[in-house]
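>>> Below: sequence and its predicted model.
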Amino acid sequence: MSRPLIPWSRLSQLDRREQEAWSNQRLVEHVRQRLYPFSAHYRKLFDQAGIRPEKVRSIRDLASLPLTTKKDLIDAQMDPERKRDFVLIPTPEKIRAHWSLGRKLALLLGGETAREALRREYTPNFLTFTTGRSAEPVGFAYTPHDLDLLGEVGGRMLDVHAIHDPQARILNCFPFAPHLAFWQTTFAGFETGRMMLPTGGGKLMGTAGNLRLAERMKPTVIIGTPGFLYHMLREAEAKRSDLSAVKLVILGAEKVTPGLKQKMSMALEACGAREVTISGTYGFTEARMAFSECPAPHDVSPGYHLYPDLGIFEVLDPQTLAPVGEGESGELVFTPLDGRGTMVCRYRTGDLVVNGIVHEPCPHCGRRVPRITSELRRASDQKDMNLTKIKGTLVDLAHIGSVVSDMIEVEEWQVVLKKVNDDPHELDEFILRVSLRGGLERGFGEKELRQRILDATEVAPSRIEYHTTKEMLEFLGMETEMKEKRFLDTRPK
Ligand SMILES: [Zn+2]
């Protein structure tokens, strides 16, 4: 029932003004015809704030709309009365009250076929969940329309990753789970007709099982989480597996440092894969889509290429919540412009982007869509467990992770937060467990590691413990957990 999408190949070459015209048009349609009429949560919020949907004319008007936080989603989910408040639910009364005469006539004249199409468009048939470690997972509903969009975005991702060869073979090592990463990847294969083989990750068939599949399939692309793929590539190196067909490794879910890329490419080289590109992706459950980096050397990040027709990122000052100037740092706030099922508007991601969003054409691929180029940091406690106090200092755990995994000497690592002697009244202890690359002496690089963590977070580890990689894999639950346990916090809440 909505306007067809502009082809991605065309959109990505439009200039900024033309792209914004698309964003504006789609925002207006979305707010007036879907979000305001069919979302109980936003209709109430707009009414309380005295915002008329007709007043939303362009993306500049977003700043006048209320923000949405993870807490809003959790609160609604916990309340049986408000459980479906974020889901778009059209009723005959709402359609009568909010749709234009033309649209109402089309629905009326279309008879049962048009009504059935509307039901199909809006009735949820799939869910993914957030993966917060302490908060209850929040479910996001998709309808058949949204699954089409998931496929569209998957196609765009493979295009940005330059997977154009119809003979491409992609090994999908994300864990089987109702999580965006697995399904976004799977749908990319379905949409484009590329071979996409899911292994289910380490928990399902073990690292050995993943490698056996890789040896049989001879993938040209491997996609998964950085933690599991680095481990799998090391095993491949030890077993002298043949991965010589691999040209590209795509990492999801976490920030990837040049050091980790280098370690991965060394392992790949030992398996016969030379000149492999390693790219990242950025996505989150609440967006129901992910964004890709185009191919570039290990030491540069071309940034995540955005889709201005499907969603808008604003950059806000996380304290004042006012928009920052172009090129300034701030928290990313996301508004999807299409989609049915569970819809958010101006969602605070909690991710801090340094120096804002870039609008210049990408120097690596020439596409003209906006890009998030810098590394992302935690800006607020939106993703709870990632931001925590250690010895009284607020620390971004993911940031510690990227500092440690960037070190060439470190093979595996885990952060343990506990109380001295496990006494709740005692001080915090910050223990870093590491295993070193083969042949390195215990304590090697310790001074530098300690200093780098201190520089990055203002807190130094209470001590660094050395273990064998085999012990570390046990601590991490590499083959027994859905996601390895990088951060263990045993302090009482
Ligand atoms: Zn690019």
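Now that the structure is in, tell me what you want to look at. Residues are numbered from 1 along each chain as shown.
>>> Can you name the residues of this protein sitting close to the ion?
Cys294, Pro302, Cys362, His364, Cys365 (C-beta under 5 Å from the ion). Bear in mind the C-beta positions are built from the backbone N, C-alpha and C, glycine included.
>>> buried subset of those residues?
Among the residues of the chain next to the ion, the ones that count as buried by 16 or more other C-beta atoms under 10 Å are Cys294, Pro302, Cys362, His364, Cys365.
>>> pLDDT added to these, as JSON lines?
What follows is these, written out as JSON lines (pLDDT from 0 to 100):
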{"residue": "Cys294", "pLDDT": "96"}
{"residue": "Pro302", "pLDDT": "92"}
{"residue": "Cys362", "pLDDT": "97"}
{"residue": "His364", "pLDDT": "97"}
{"residue": "Cys365", "pLDDT": "97"}
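>>> hang on, Leu352 in a helix?
No: assigned with DSSP: H, G, I helix; E, B strand; the rest coil, Leu352 falls outside any helix and is strand.
>>> right, and it touches Asp317 too?
No: judged on C-beta atoms under 8 Å, Leu352 makes no contact with Asp317 at a distance of 10.4 Å.
>>> Show me the common contact partners of the two, please.
Shared contacts of Leu352 and Asp317 (C-beta atoms under 8 Å, 6 or more residues apart in numbering): Gly330, Glu331.
>>> How are the strands of the stretch 251-400 of the chain distributed by residue range?
277-284, 289-292, 304-305, 311-316, 330-336, 347-353, 371-372, 376-378, 387-390, 393-396 (DSSP state E, counting those that start in this stretch).
>>> Mind putting the ones you listed into a markdown table with mean pLDDT and mean neighbour count?
Formatted as a markdown table, the strands of the stretch 251-400 of the chain follow (pLDDT from 0 to 100; neighbours: other C-beta atoms under 10 Å):
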| stretch | mean pLDDT | mean neighbour count |
| --- | --- | --- |
| strand 277-284 | 94 | 22 |
| strand 289-292 | 97 | 24 |
| strand 304-305 | 96 | 24 |
| strand 311-316 | 97 | 21 |
| strand 330-336 | 96 | 23 |
| strand 347-353 | 92 | 23 |
| strand 371-372 | 95 | 22 |
| strand 376-378 | 73 | 20 |
| strand 387-390 | 74 | 18 |
| strand 393-396 | 80 | 16 |
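>>> And the closest residue to the ion within the stretch 201-350 of the chain, how far from Ser301?
Across the stretch 201-350 of the chain, no residue is closer to the ion than Cys294, which sits at 3.3 Å (C-beta to the ion). Plainly put, Cys294 is 10 Å away from Ser301 if you go by C-beta to C-beta, to the nearest Å.
>>> How far does stretch 234-242 sit from its chain's centre?
Taking C-alpha atoms, centre = their mean, to the nearest Å, one finds the center of stretch 234-242 at 29 Å from the center of the full chain.
>>> List the buried residues for that stretch?
Arg234, Glu235, Ala236, Glu237, Ser241.
>>> For Phe284, list the residues it contacts.
Phe284 sits in contact with Leu180, Phe334, Thr349, where contact means C-beta under 8 Å, 6+ apart.
>>> Take these and lay them out in a markdown table including distance to Ile250.
Shown next, in a markdown table, are the contacts of Phe284 (distance: C-beta to C-beta, whole Å):
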| residue | distance to Ile250 |
| --- | --- |
| Leu180 | 14 |
| Phe334 | 21 |
| Thr349 | 21 |
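>>> can you list the weak-confidence ranges in the chain?
1-3, 132-135, 253-254, 378-387, 439 (pLDDT under 70).
>>> okay, which residue of it is out on the far edge from center?
Here the chain reaches farthest from its C-alpha mean at Leu109, the gap being 41.7 Å by C-alpha atoms, centre = their mean.
>>> just to revisit the earlier point, out of the strands of the stretch 251-400 of the chain, nearest to Asp406?
When the strands of the stretch 251-400 of the chain are compared by C-beta to C-beta, strand 277-284 sits nearest Asp406, at 13.4 Å.
>>> Neighbouring strands - and their directions - for that closest one?
Strand pairing for strand 277-284, determined by DSSP bridges: strand 248-251 (parallel), strand 289-292 (antiparallel).
>>> what about it, distance to the chain center?
Going by C-alpha atoms, centre = their mean, where strand 277-284 is centred and where its chain is centred differ by 8 Å.
>>> got the angle for that strand vs strand 347-353?
Angle of strand 277-284 versus strand 347-353, following axes from the mean of the first three to the mean of the last three C-alpha atoms, to 10 degrees, is 140 degrees.
>>> Next, the contact list for the residue sitting nearest the centre point of the chain, please.
Here the mean C-alpha position of the chain is nearest to the C-alpha of Gly283 (C-alpha atoms, centre = their mean), at a distance of 2.1 Å. By C-beta under 8 Å, 6+ apart, Gly283 lies in contact with Leu180, Ala181, Gln184, Gly252, Met289, Ala290, Phe291.
>>> What distance do you get for the last one to Tyr282?
Separation of Phe291 from Tyr282 (C-beta to C-beta): 5 Å.
>>> do the fourth one as well
When distances are taken as C-beta to C-beta, Gly252 and Tyr282 turn out to be 9 Å apart.
>>> who touches both of the two?
Ala290.
>>> Find the nearest non-adjacent residue to Glu448, please.
Met407 (7.7 Å; C-beta to C-beta, 6 or more residues apart in numbering).
>>> My read is that the one you found contacts Leu449, right?
Yes: between Met407 and Leu449 there is a contact under C-beta under 8 Å: 6.1 Å.
>>> rewinding a little: next, the contact list for the residue nearest to Glu448, please.
Per C-beta under 8 Å, 6+ apart, neighbours of Met407: Gly259, Gly445, Glu448, Leu449, Arg452.
>>> want to throw the residues you listed into a markdown table with neighbour count?
Below are the contacts of Met407 laid out as a markdown table (neighbours: other C-beta atoms under 10 Å):
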| residue | neighbour count |
| --- | --- |
| Gly259 | 18 |
| Gly445 | 17 |
| Glu448 | 11 |
| Leu449 | 21 |
| Arg452 | 17 |
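>>> I'd like to know which of these are part of helices.
Using DSSP state H, the subset of the contacts of Met407 located in helices is Gly259, Glu448, Leu449, Arg452.
>>> Rebuild the residues you listed as JSON lines, extending it with distance to Glu479.
What follows is the ones in helices among the contacts of Met407, written out as JSON lines (distance: C-beta to C-beta, whole Å):
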{"residue": "Gly259", "distance to Glu479": "24"}
{"residue": "Glu448", "distance to Glu479": "31"}
{"residue": "Leu449", "distance to Glu479": "26"}
{"residue": "Arg452", "distance to Glu479": "29"}
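>>> I'd like to know which of these is nearest to the ion.
Relative to the ion, the closest of the ones in helices among the contacts of Met407 is Gly259; by C-beta to the ion it sits at 22.7 Å.
>>> Leaving out the residues flanking it, which one is nearest to the closest one?
Asp406 (3.5 Å).
>>> can you pull the contacts of the one you found?
Each residue near Asp406 by C-beta under 8 Å, 6+ apart is listed here: Thr257, Pro258, Gly259, Leu260.
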